[in-house]
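Enquirer: Have a look; sequence and predicted model below, questions after that.
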Amino acid sequence: MSAVTDDLRPVAARWLTGIELLIEWNDGHSSAFMTDYLREQCPCAWCRVERKKDPRERDLLAMRPTAQALANPSVEPVGRYGIRINWGDGHSSGIYPFTYLRLICPCPDCSQAKRPG
Ligand SMILES: [Zn+2]
Ligand SMILES: [Zn+2]
């Protein structure tokens with residue numbers, strides 16, 4: 001995780017609509033985020049609260065977004081530090097800082113780096 005710094009930013013980003021968001025980073029790394037994974041990691045206050053609840057008490061929309069939500073997401077830049085994702089079901093309160101996106105990068109290298117020990 002030492003690779004995640006404030007200087008980190010994407011040099012290229014591309015949506016494969018409804019499938020995944022591809023990001024190339026300025027340190028040469030690249031990430032591929034499945035849209036359902038991105039939505040499940042939504043950093044907005046509401047989703048964070050839902051994720052902490054007992055699974056039986058969670059709002060399913062927070063955990064298992066509908067096909068409509070994932071079908072046509074759009075992205076807008078937020079300052080110089082992140083992106084906001086506007087999901088197909090109108091959920092758009094999640095701002096994903098670049099540092100956060102890099103932390104949740106699902107590639108084997110990053111997953112291994114995050115594992116303690
Ligand atoms: Zn959210
Ligand atoms: Zn990675």
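Expert: That came in fine, so what should we check first? The shown structure was predicted, so the numbers you read here are calculated from the model rather than taken from an experiment. Numbers count the residues shown, from 1 in each chain. Ligands and ions are numbered 1, 2, ... in the order given.

Enquirer: residues from the chain in reach of ligand 1?
Expert: 42, 44, 47, 94 (CB under 5 Å from the ion). C-betas here are computed from N, CA, C, even on glycine.

Enquirer: Where strands are concerned, which of these count?
Expert: Residues of these located in strands (DSSP state E): none.

Enquirer: Kindly indicate which of the residues you listed lies nearest Gln68.
Expert: Cys42 (15.6 Å; CB to CB).

Enquirer: Could you check how far the closest one is from Ala62?
Expert: 8 Å (CB to CB, to the nearest Å).

Enquirer: Mind checking which of these two has more residues around it?
Expert: Neighbours were counted for Cys42 and for Ala62 using other CB atoms under 10 Å; Cys42 has more, 22 against 19.

Enquirer: what about Cys105, neighbour count?
Expert: 21.

Enquirer: mind checking which helix or strand it is in?
Expert: Element membership for Cys105, per DSSP states H and E: none, as it lies in no helix or strand.

Enquirer: So for the residue positioned nearest the centre of the chain, what's the nearest residue that isn't a sequence neighbour?
Expert: Per CA atoms, centre = their mean, the C-alpha nearest to the average position across the chain is that of Leu38, at 3.7 Å. Among residues not flanking Leu38 along the chain, Leu21 sits closest, at 6.2 Å (CB to CB, 6 or more residues apart in numbering).

Enquirer: cool, Arg58 as well?
Expert: Glu50 is the one closest to Arg58 (CB to CB, 6+ apart), at 5.0 Å.

Enquirer: Which two among the residues of the chain next to ligand 1 are spaced furthest apart?
Expert: Farthest apart among those - using CB to CB - are Cys47 and Gly94, which lie 6.6 Å from each other.

Enquirer: quick one: which helix or strand includes the residue nearest to the centre of the chain?
Expert: Going by DSSP H and E, Leu38 is in helix 35-40.

Enquirer: What are the contacting residues of that helix?
Expert: For helix 35-40, contacts defined as CB atoms under 8 Å, 6 or more residues apart in numbering pick out 18-21, 63-65, 69-70, 73, 85, 87, 91, 96, 104, 106.

Enquirer: just stretch 47-63 next, same as before
Expert: 40, 42, 46, 69, 89, 91, 94.
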